[in-house]
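Enquirer: Could you look at this predicted model? Sequence included:
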Number of protein chains: 2
Amino acid sequence: MAAAAPGTRAHTPTRGSAHVRAKRQRRRVEILHAALRAFRDKGYHATKLDDIAQQLGVRKTALYHYFPDKEAILHACHREGLEEVAGIVEAARRRPSCGDQLAHAIREHVRVMTDTLEGSSLAFEVSALSPRHQAEVIAARDRYEQALRDIIRRGIAAGEFRAVDPKLAVFAILGAINWVARWYSPTGSVHPQSLGAHFADHLVRGLLAP
Amino acid sequence: MAAAAPGTRAHTPTRGSAHVRAKRQRRRVEILHAALRAFRDKGYHATKLDDIAQQLGVRKTALYHYFPDKEAILHACHREGLEEVAGIVEAARRRPSCGDQLAHAIREHVRVMTDTLEGSSLAFEVSALSPRHQAEVIAARDRYEQALRDIIRRGIAAGEFRAVDPKLAVFAILGAINWVARWYSPTGSVHPQSLGAHFADHLVRGLLAP
DNA sequence: TAAATTTTTGAATCAAGGTTCAATTTTCCT
DNA sequence: AGGAAAATTGAACCTTGATTCAAAAATTTA
């Protein structure tokens, strides 16, 4: 007989022993990564719950023990990814010049994109999320974009960058980075390390004052 | 009674009078553009045939008079888009320097992306296509990428560009451009004209030799 | 204007896949 | 070991949306 209170579902973080909770958390992350891979490869709607479950050698109904529904998995992917990139901007601030800051952000974002695939969630369709989650994700995404625009604005003010439109410059940068999710393969010939360096070079140089 | 031979479906280009054929062709294009808009906004799988039909003030079953199935509509979108960008490379060749050629290609590709939305099909998920169509689209896409890489290679040889990896440079450029499909709105504040100019500046300058 | 042809429709079919749930297996803890 | 909690399963359910088809509406053509 279940000890859970009426109305409490299995995927709700019922408090258990530390060990059990840790194991559960680990499993959640496994699911998230399997989902991330599938979403990235085939898109959210084309991904069947079975596709995710199979990667873990389990039936799709098992997933309902960890997430209330498919949308929740997508949302969790987004959360993870957004958290990651938020950290990037933090770290970038400590660099001396604006060019360095931007280059650092680009390199790190690319790394998050290739290393763990968590960054690819940024490239996912937001339209599949519930209105509430959609608003949340868009807000976080906006914060990230604003932070990057600020770096560019400061660079322009400092005479380091040309007088570009910060909004468009950031769109170009994020486009290049997010597109990585569409073609990058860990088994391919492109080394993630050099990918980040190349992109940073290409995209920052394009903004530098002559 | 239908005059069509047995096995011939309605969507097959049955030969009729010139006027009828022209009208039919016009309708096909209307459908394609409605589909393009929907696919761009919500993605292929999230788009219902009803979504496309509604834009034309018609029931979804009417679409089957023009296309055998949903996948065929997606495929036609791809065809149209690829044809468009193929023309771009053609025209670019006539420019003097490699920098000009690349800038022209970027501006034009952005224009195709915003003007008609036909360019956005390049950004669509290829995975939804049948294997045969998928191969066809990938091949055409590859040709386009190769053409761009060639411009960059020549630019490097001529000392106009830095010694970048042409493959990565093209990925960055196409990423920036394809990403436009995700955020651009004709009613937004970004002027398509200036968008193309900005992107061309940003992305070409990033490659120029110091 | 009337027959022929094209286009559109509405009802019906059909399959896929997300979700629920009670039962079973596995793991945890004393 | 043995009972409790957690994890997984298989069967069933149910909605959604693509597709089929014969009939109706609109358009073309002579």
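Expert: Arrived safely, thanks for sending.

Enquirer: Stretch A:121-136 vs DNA strand C: in contact?
Expert: No. Stretch A:121-136 lies out of reach of DNA strand C by C-beta under 7 Å from any atom of the strand, never closer than 10.5 Å. Every C-beta, even on glycine, is put in place using the N, C-alpha and C of the backbone.

Enquirer: outside of that stretch, which residues touch it?
Expert: If you take C-beta atoms under 8 Å, 6 or more residues apart in numbering or on different chains as the criterion, stretch A:121-136 is touched by A:36, A:39-40, A:43-45, A:71, A:74-75, A:77-78, A:80-82, A:85, A:137-138, A:141, A:174, A:178-179, A:181-182, B:41-43, B:46.

Enquirer: of those, list those near DNA strand C.
Expert: Within those, those near DNA strand C by C-beta under 7 Å from any atom of the strand are residue A:71.

Enquirer: If burial is judged by neighbour count, which of the contacts of stretch A:121-136 pass?
Expert: Neighbour counting by 16 or more other C-beta atoms under 10 Å in any protein chain shown classes A:36, A:39-40, A:43-45, A:74-75, A:77-78, A:80-82, A:85, A:137, A:141, A:174, A:178-179, A:181-182, B:41-43, B:46 among the contacts of stretch A:121-136 as buried.

Enquirer: what number of residues lie near residue A:163?
Expert: A total of 9 residues lie near residue A:163 under the criterion other C-beta atoms under 10 Å in any protein chain shown.

Enquirer: how about it, secondary structure?
Expert: Secondary structure for residue A:163, judged by DSSP: H, G, I helix; E, B strand; the rest coil, is coil.

Enquirer: Figure out the helix or strand that the closest residue to it other than its chain neighbours lives in.
Expert: Nearest non-adjacent residue to residue A:163, counting by C-beta to C-beta, 6 or more residues apart in numbering or on different chains: residue A:156, 5.7 Å away. Per DSSP states H and E, residue A:156 falls inside helix A:131-157.

Enquirer: And that helix, what's buried?
Expert: Of the residues in helix A:131-157, A:133, A:136-137, A:140-141, A:144-145, A:147-156 count as buried by neighbour count, 16+ other C-beta under 10 Å.

Enquirer: same check, this time on stretch A:62-70
Expert: Within stretch A:62-70, the residues that count as buried by 16+ other C-beta under 10 Å are A:63, A:66, A:67, A:70.

Enquirer: I'd like to know the phi and psi angles of the second one, please.
Expert: Which is residue A:66. Taking degrees, to the nearest 10, you get phi -110, psi -30 for the backbone angles of residue A:66.

Enquirer: Pretty sure it sits against residue A:31.
Expert: Yes. Checked against C-beta atoms under 8 Å, the pair residue A:66 and residue A:31 is within contact range at 5.7 Å.

Enquirer: circling back to that earlier point, please state the mean pLDDT value computed over the helix holding residue A:156.
Expert: When pLDDT is averaged over helix A:131-157, the result is 97.

Enquirer: Spell out which residues of chain A are next to chain B.
Expert: Within reach of chain B by C-beta under 8 Å from any C-beta of the partner chain, chain A has these residues: A:41-46, A:125, A:127-128, A:164-165, A:167-169, A:171-180, A:182-183, A:190, A:194-195, A:198-199, A:201-208.

Enquirer: Show me those residues that map onto helices.
Expert: Counting by DSSP state H, the members of the residues of chain A next to chain B that fall within helices are A:41-42, A:167-169, A:171-180, A:182-183, A:194-195, A:198-199, A:201-205.

Enquirer: filter those to the buried ones?
Expert: For these, buried by 16+ other C-beta under 10 Å: A:41-42, A:167-169, A:171-180, A:182, A:195, A:198-199, A:201-205.

Enquirer: Give the closest residue to residue A:55 in space, chain neighbours not counted.
Expert: Of all residues not flanking residue A:55 in the chain, residue A:34 sits nearest, at 4.0 Å (C-beta to C-beta, 6+ apart).

Enquirer: Tell me which other helices or strands the helix or strand hosting that neighbour touches.
Expert: Element membership of residue A:34 [criterion: DSSP H and E] is helix A:18-42. Here helix A:18-42 touches helix A:49-55, helix A:70-92, going by 3 or more C-beta pairs under 8 Å, 6 or more residues apart in numbering or on different chains; DSSP states H and E.

Enquirer: what sits against the residue in chain A that DNA strand C sits nearest to?
Expert: In chain A, the residue that lies nearest DNA strand C is residue A:17 (2.8 Å; C-beta to the nearest atom of the strand). Going by C-beta under 8 Å, 6+ apart, residue A:17 touches no other residue.

Enquirer: Tell me the spacing between the residue nearest to residue A:163 and residue A:173.
Expert: Separation of residue A:156 from residue A:173 (C-beta to C-beta, to the nearest Å): 15 Å.

Enquirer: same question, residue A:124
Expert: 18 Å.

Enquirer: need the contact list for the spatially closest residue to residue A:98 that is not a sequence neighbour.
Expert: Closest residue to residue A:98 in three dimensions, ignoring its sequence neighbours and counting by C-beta to C-beta, 6+ apart: residue A:155, at 3.4 Å. Going by C-beta under 8 Å, 6+ apart, residue A:155 touches A:97, A:98, A:99, A:102, A:161, A:207.

Enquirer: give me the element the fourth one is part of.
Expert: Pointing back at residue A:102 there. Assigned by DSSP H and E, residue A:102 belongs to helix A:98-114.

Enquirer: Next, the angle helix A:166-183 makes with that helix.
Expert: Interaxial angle, helix A:98-114 versus helix A:166-183 (axes from the mean of the first three to the mean of the last three C-alpha atoms, to 10 degrees): 30 degrees.

Enquirer: ok, residues contacting helix A:98-114?
Expert: So helix A:98-114 is contacted by A:81, A:84-85, A:88-89, A:91-93, A:95, A:118-120, A:148, A:151-152, A:154-155, A:158, A:160-161, A:173, A:177-178, A:180-181, A:184, A:186, A:192, A:195-197, A:199-201, A:203-204, A:207-208 (C-beta under 8 Å, 6+ apart).

Enquirer: make it 6 Å
Expert: A:84, A:88, A:92, A:95, A:118-119, A:151, A:154-155, A:160, A:177, A:180, A:184, A:192, A:195-196, A:199-200, A:203-204 (C-beta atoms under 6 Å, 6 or more residues apart in numbering or on different chains).
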